[in-house]
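> Whatever this is, show me its structure:
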Amino acid sequence: MSHDRRDFLARVATGAVAGVLPFTPDVLRGLEAERPGGPSEWDLSWVDRIKGKYRAVFDVPEIEGGHGVWRASMWGKQCQGVLGAQPDDVSAVIVLRHKAIVLAMQQAFWDRYELGKRNGMRDPDTRKPTNRNPVLSAAGGGTPAKRDDAALDRFIARGGIVLGCDLAFGNMVDLVAKKKHVPPDEARKQALAALVPGVILQPSGVFAALHAQDAGCRYLRAS
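This next block holds a predicted model:
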């Protein structure tokens, strides 16, 4: 998919292109065709996991050293510590979109494609340049020890829901295609294999954030 095409799709997803809604079936099929190897059906089963009195969706469009991800775990702990909520009373959804899609990639992908260098990453504590994914636990990334419990992989292991923007994920696919000189469908396959286990791709981050609100989540722009 060309850079211009991705820009167009991103603008459509944010409502920035006037006169394109509502979409006809032909237009929708055309947009779907631009995603080689893309899913014909999206996994929306995560909605059934949103339960309890306290529900929130953390919209994370910027990398911001990982703070947007950590805020979801902080909120959950505070609901329990301050409000006396039980774990089952709290449902948190993280949406990784726009620039923050890199946080959804495993450390090996960061190493291979120098995501830290590409994004001007600095260690959130030392402020020195780093190529570590700041939201993965110490065993697999660069989350500071004091925030290890709030790492993305630990959040997922506790039952947290993490959604990724497929439009932004196209940039990860492009990195693979250009570096390895493989066709788009193979590049997408390899990029999918490099996602942090448990991250669920959605048509767009905008769709994910709004659909979570439909399921009763309160919205927070977290980065």
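
> now the helices for this structure?
In the chain, the segments counted as helices under DSSP state H are 3-13, 25-33, 67-83, 107-113, 115-118, 152-157, 166-180, 184-193, 205-214.

> closest one to A138 among the ones you listed?
Closest to A138 of these is helix 152-157 (C-beta to C-beta; 10.1 Å). C-beta here means a position set from N, CA and C on the backbone, and glycine is covered the same way.

> That closest one packs against which elements?
helix 67-83, strand 90-96, strand 161-165 (3 or more C-beta pairs under 8 Å, 6 or more residues apart in numbering; DSSP states H and E).

> what comes up buried for it?
By 16 or more other C-beta atoms under 10 Å, the buried positions in helix 152-157 come out as L152, D153, R154, F155, I156.

> rewinding a little: pipe the helices and strands packed on helix 152-157 into TSV and attach distance to Q106 per row.
Converted to TSV, these look like this (distance: least, C-beta to C-beta, whole Å):
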stretch	distance to Q106
helix 67-83	15
strand 90-96	13
strand 161-165	13
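
> Quick one, which of these gets closest to K51.
That would be strand 90-96 among those, by C-beta to C-beta, at 5.7 Å.

> wait, Q213 sits on V206?
No. Between Q213 and V206 there is no contact under C-beta atoms under 8 Å: 11.1 Å.

> Look at the two and report which has more neighbours.
V206 (21 against 15; other C-beta atoms under 10 Å).

> which of the helices of the chain has the lowest average pLDDT?
With a mean of 47, helix 25-33 has the lowest mean pLDDT of the helices of the chain.

> coming back round to it: mind putting the helices of the chain in TSV, distance to D125 included?
Output for those, formatted as TSV (distance: least, C-beta to C-beta, whole Å):
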stretch	distance to D125
helix 3-13	32
helix 25-33	42
helix 67-83	12
helix 107-113	18
helix 115-118	15
helix 152-157	17
helix 166-180	26
helix 184-193	29
helix 205-214	28
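
> List just the one of the ones you listed that sits closest to W46.
Closest of the helices of the chain to W46 is helix 205-214, at 8.6 Å (criterion: C-beta to C-beta).

> If you count neighbours, what's buried in the closest one?
Result for helix 205-214 [16+ other C-beta under 10 Å]: buried residues G205, V206, F207, A208, A209, H211, A212.

> show me the contacts for the last one.
When contacts are counted by C-beta atoms under 8 Å, 6 or more residues apart in numbering, A212 is found next to V47, I50, V57, V93, V95, I161, L163, Y219.

> Out of those residues, which end up buried?
Counted by 16+ other C-beta under 10 Å, the contacts of A212 give I50, V57, V93, V95, I161, L163 as buried.

> Okay then, goodbye and thanks.
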